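In: Provide a 3D model corresponding to the input given below.
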Amino acid sequence: MSRSAMTTTIRRRLASEIGRIDKQAPFRVALSYPSPYRAGMSSLGFLQIYKMIQAEPGMACERAFLPDDEGQGAEGAPVTYEGLRPLSDFPVIALSVAYELELAGVARLLELAGLPALREERDGRHPFVLAGGPLTFSNPLPLAVFADAILMGEADTLAVEVLRLLRDAPSREAALDELARVPHVFVPARHGAEMPPVAQCDSALLPAWSPIRAEETELSNMFLIEAERGCSRGCTYCVMRRSTNGGMRIVPKERLLELIPEDARRVGLVGAAVSDHPKIVEVVRTLAERGCEVGLSSLRPDRLTDEFVGALRLAGYKTLTTAMDGTSERVRETLERRARPRHLQRAAELARQHGMNRLKLYLMVGVPGETDEDVDECVSFVAELSRVVPVALGIAPFCPKRNTPLHGARFAGIDVVNKRLDRLRRGLRGRADVRATSARWAWVEAVLAAGGEAEGRAVLQAVHAGGSFRDYERAFEKIKRPEPPRRQSLPLLAAG
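Out: Below is the predicted model:
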């Protein structure tokens with residue numbers, strides 16, 4: 001994309017935004033997202049930090065995103081939306097990183113901005129790169145090769161505290177020394193690989209809500225707000241399980257409803273366990289009666305009742321989406337999931353009863369201990385559900401994460417995952433729609449989820465080589481680890 005085309009796109013998007021906080025201040029930060037605008041402006045965490053910075057006296061931020069086409073050369077360099085300024089103009093680049101595969105976007109964004117991607121190659125002449133986001137709840141060590149400092153966990157207020165310190169520090173080295181003493185701030189140059197615990201913001205500051213509604217996003221013109229934060233459940237694969245940051249914190253129904261603008265026609269209720277909110281049915285029905293289309297980020301099958309599904313239908317739901325999680329009852333037991341066959345059967349019946357087009361079920365394959373017999377049980381069960389209502393499966397390969405009970409498990413292998421997906425597709429052909437994320441890229445994610453700075457450097461090597469799966473494979477092959485996540489368990493899948 002040329003510079004003039006980029007400018008035209010930015011101005012069009014700004015014109016369609018509702019709620020932007022225009023502000024001038026002496027200390028300005030480039031608040032950046034390592035994916036394009038459509039994804040970044042659908043991130044409630046990113047928008048929450050934007051709001052907190054804009055509320056701070058003497059401080060403001062300008063947003064920047066990975067260019068839509070990742071154009072190369074000077075014309076493709078990212079600029080901020082508010083000021084059309086290059087990222088190199090700012091004293092601080094603050095990055096929100098959601099998950100492992102966005103590390104490539106971090107490297108690309110920095111290099112497109114004309115900056116060294118590796119922290120060791122930057123000095124006082126360059127912006128300070130500060131990172132945070134959901135990735136920090138699991139394993140930000142690969143991110144440490146790119147970031148000068150990393151905010152661990154909930155950064156609602158921590159981000160502004162750290163930005164004040166960076167603003168007032170006499171030098172880069174002094175800033176690093178001071179930040180290393182701040183709880184929940186990981187400074188790789190001072191801490192090595194010893195990461196501090198994740199932060200928890202004051203519950204009185206909840207909920208996070210989006211100040212900007214934007215049209216050209218994954219969640220077009222949707223007002224996002226937290227119904228709760230954290231989770232009370234103990235799913236063994238999840239970084240947001242009940243042992244993380246004190247479990248589940250509920251936002252009162254009255255507080256939620258008073259914060260949602262009267263003119264909002266689309267509302268997204270966000271959280272790791274939104275359907276566990278004790279007043280969720282009342283919230284959804286109240287919003288539907290206002291004329292709002294409502295979306296929930298998570299629906300647990302054991303929470304679905306006739307009243308709840310009726311409220312969802314009134315709020316615009318045409319597909320009932322929930323989680324099956326494991327391929328069999330035995331596998332779900334190992335994951336400590338509460339979903340039982342009767343809950344999923346009831347979900348199918350309720351979807352049909354309320355005139356929904358289909359039931360969509362999310363699940364994982366390649367869970368430790370899973371066998372072909374478990375996959376066959378999934379085929380039989382889903383085929384039974386499909387006789388009640390059309391069924392679609394959204395499948396992701398299991399990826400072990402740090403800070404979960406399954407962090408020591410190994411990735412099943414690309415070949416194993418693909419064989420099980422093929423078995424599902426064959427068994428459900430003509431009876432259910434089966435769609436899955438890539439087993440190859442799940443392997444890349446698994447390597448990064450278990451990795452350290454060496455894997456972060458491998459990301460940069462892969463990006464420089466072109467960013468294909470084979471480029472990642474070659475880069476990871478150079479790393480000597482005692483037991484890296486296996487690419488495949490049988491020599492059946494050719495490289496490339």
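In: quick check: which element contains the residue nearest to Arg122 when sequence neighbours are not counted?
Out: Distance criterion C-beta to C-beta, 6 or more residues apart in numbering; nearest residue to Arg122, sequence neighbours excluded, is Pro116 at 5.2 Å. (C-beta placed from N, C-alpha, C; glycine too.) When secondary structure is defined by DSSP states H and E, Pro116 falls outside every helix and strand.
In: what's around Pro116, how many residues?
Out: 14 (other C-beta atoms under 10 Å).
In: and it, how far is that from Ser88?
Out: Using C-beta to C-beta, to the nearest Å, Pro116 is found at 11 Å from Ser88.
In: between the two, which contacts overlap?
Out: His126 (C-beta atoms under 8 Å, 6 or more residues apart in numbering).
In: one step back: who's in contact with the residue nearest to Arg122?
Out: Going by C-beta under 8 Å, 6+ apart, Pro116 touches Leu110, Arg122, His126.
In: and these as JSON lines, adding secondary structure?
Out: Shown next, in JSON lines, are the contacts of Pro116 (DSSP: H, G, I helix; E, B strand; the rest coil):
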{"residue": "Leu110", "secondary structure": "helix"}
{"residue": "Arg122", "secondary structure": "coil"}
{"residue": "His126", "secondary structure": "coil"}
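In: which one of the residues you listed is nearest to Val375?
Out: Proximity of the contacts of Pro116 to Val375 (C-beta to C-beta) peaks at Leu110, which lies at 42.0 Å.
In: most neighbours, which of the contacts of Pro116?
Out: Most surrounded of the contacts of Pro116: other C-beta under 10 Å gives Leu110, at 28 neighbours.
In: residues contacting the residue nearest to it when sequence neighbours are not counted?
Out: Closest residue to Leu110 apart from its sequence neighbours, by C-beta to C-beta, 6+ apart: Ala117 at 4.5 Å. By C-beta under 8 Å, 6+ apart, the residues touching Ala117 are Val106, Ala107, Leu110, Glu111, Phe146, Leu460.
In: repeat that for Glu307.
Out: Val281.
In: which parts of the helix or strand where it lies are buried?
Out: Per DSSP H and E: Glu307 is located in helix 306-314. Residues Phe308, Val309, Gly310, Ala311, Leu312, Arg313, Leu314 are the ones in helix 306-314 that count as buried (16 or more other C-beta atoms under 10 Å).
In: got the confidence number for the residue nearest to Leu110?
Out: pLDDT, Ala117: 98.
In: same thing with Arg330?
Out: You'll see Arg330 listed with a pLDDT of 95.
In: give me the domain ranges for the chain.
Out: Domain assignment of the chain by automatic domain parsing yields the ranges 3-191, 321-328+357-496.
In: where does pLDDT dip in the stretch 51-200 of the chain?
Out: Applying pLDDT under 70 to the stretch 51-200 of the chain flags the ranges 70-75.
In: what are the boundaries of the helices in it?
Out: Assigned by DSSP state H, counting those that start in this stretch, the stretch 51-200 of the chain shows helices spanning 103-112, 158-168, 172-179, 188-191.
In: quick one: which of the ones you listed is nearest Val375?
Out: helix 103-112 (31.4 Å).
In: quick one: the closest one to chain centroid distance?
Out: 17 Å (C-alpha atoms, centre = their mean, to the nearest Å).
In: list the helices and strands that helix packs on?
Out: Here helix 103-112 touches strand 92-96, helix 453-465, going by 3 or more C-beta pairs under 8 Å, 6 or more residues apart in numbering; DSSP states H and E.
In: ranking the ones you listed by burial, who's on top?
Out: With neighbours taken as mean count of other C-beta atoms under 10 Å, the helices and strands packed on helix 103-112 reach their highest mean count in strand 92-96, at a mean of 25.
In: now that strand and helix 172-179, what's the angle there?
Out: In terms of direction (axes from the mean of the first three to the mean of the last three C-alpha atoms, to 10 degrees), strand 92-96 departs from helix 172-179 by 40 degrees.
In: what pairs with strand 92-96, parallel or antiparallel?
Out: Paired neighbours of strand 92-96 in the sheet (DSSP bridges): strand 27-33 (parallel), strand 128-132 (parallel).
In: quick one: mean pLDDT for the longest one?
Out: For strand 27-33, mean pLDDT is 98.
In: all the strands of the stretch 301-450 of the chain, residue numbers only.
Out: Ranges of strands within the stretch 301-450 of the chain are 319-325, 358-365, 391-397, 433-436, based on DSSP state E, counting those that start in this stretch.
In: now the last one: average pLDDT?
Out: The predicted model assigns strand 433-436 a mean pLDDT of 97.
In: distance between that strand and the chain's centre?
Out: When distances are taken as C-alpha atoms, centre = their mean, strand 433-436 is centred 21 Å away from the chain's centroid.
In: buried sites along it?
Out: Neighbour-count burial for strand 433-436, with 16+ other C-beta under 10 Å as criterion, is recorded at Val434, Ala436.
In: output the contacting helices and strands for it.
Out: Checked by 3+ C-beta pairs under 8 Å, 6+ apart, strand 433-436 has strand 391-397, helix 414-428 packed alongside it.
In: could I have the CA atoms of it written out in CSV?
Out: In CSV, the C-alpha atoms belonging to strand 433-436 read as follows (Å, rounded to 0.1, in the frame of the first residue of the first chain):
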residue,chain,number,x,y,z
ASP,A,433,-19.6,-29.1,8.7
VAL,A,434,-16.0,-29.7,10.0
ARG,A,435,-13.5,-26.8,10.0
ALA,A,436,-10.2,-26.8,11.7
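In: the stretch 251-400 of the chain: helices as residue ranges?
Out: Under DSSP H, counting those that start in this stretch, the stretch 251-400 of the chain gives helices at 253-259, 280-289, 306-314, 329-334, 341-353, 372-386.
In: about what we covered before: out of the helices and strands packed on helix 103-112, which gets nearest to Leu304?
Out: Among those, strand 92-96 comes nearest to Leu304, with 32.0 Å by C-beta to C-beta.
In: tilt between the closest one and helix 158-168?
Out: 160 degrees.
In: pull strand 92-96 out as PDB, backbone CA atoms only.
Out: The C-alpha trace of strand 92-96 is given here as PDB (Å, rounded to 0.1, in the frame of the first residue of the first chain):
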ATOM      1  CA  VAL A  92       7.700   4.900  23.700                       C
ATOM      2  CA  ILE A  93       6.100   2.200  21.600                       C
ATOM      3  CA  ALA A  94       3.500   0.400  23.700                       C
ATOM      4  CA  LEU A  95       2.500  -3.000  22.200                       C
ATOM      5  CA  SER A  96      -0.400  -5.300  23.100                       C
END
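In: gap between the residue of the chain most remote from its centre and Asp177?
Out: The centre of the chain is farthest from one residue, Pro170, which by C-alpha atoms, centre = their mean lies 34.8 Å away. In this view, Pro170 and Asp177 are 11 Å apart by C-beta to C-beta.
In: Leu269 too?
Out: Distance from Leu269 to Asp177, by C-beta to C-beta: 42 Å.
In: out of the two, which sits in the busier spot?
Out: Leu269 (27 against 14).
In: for the more buried one, list the residues it contacts.
Out: So Leu269 contacts Ile225, Glu226, Ala227, Leu256, Ile280, Val283, Val284, Val294, Gly295, Leu296, Ser297 (C-beta under 8 Å, 6+ apart).
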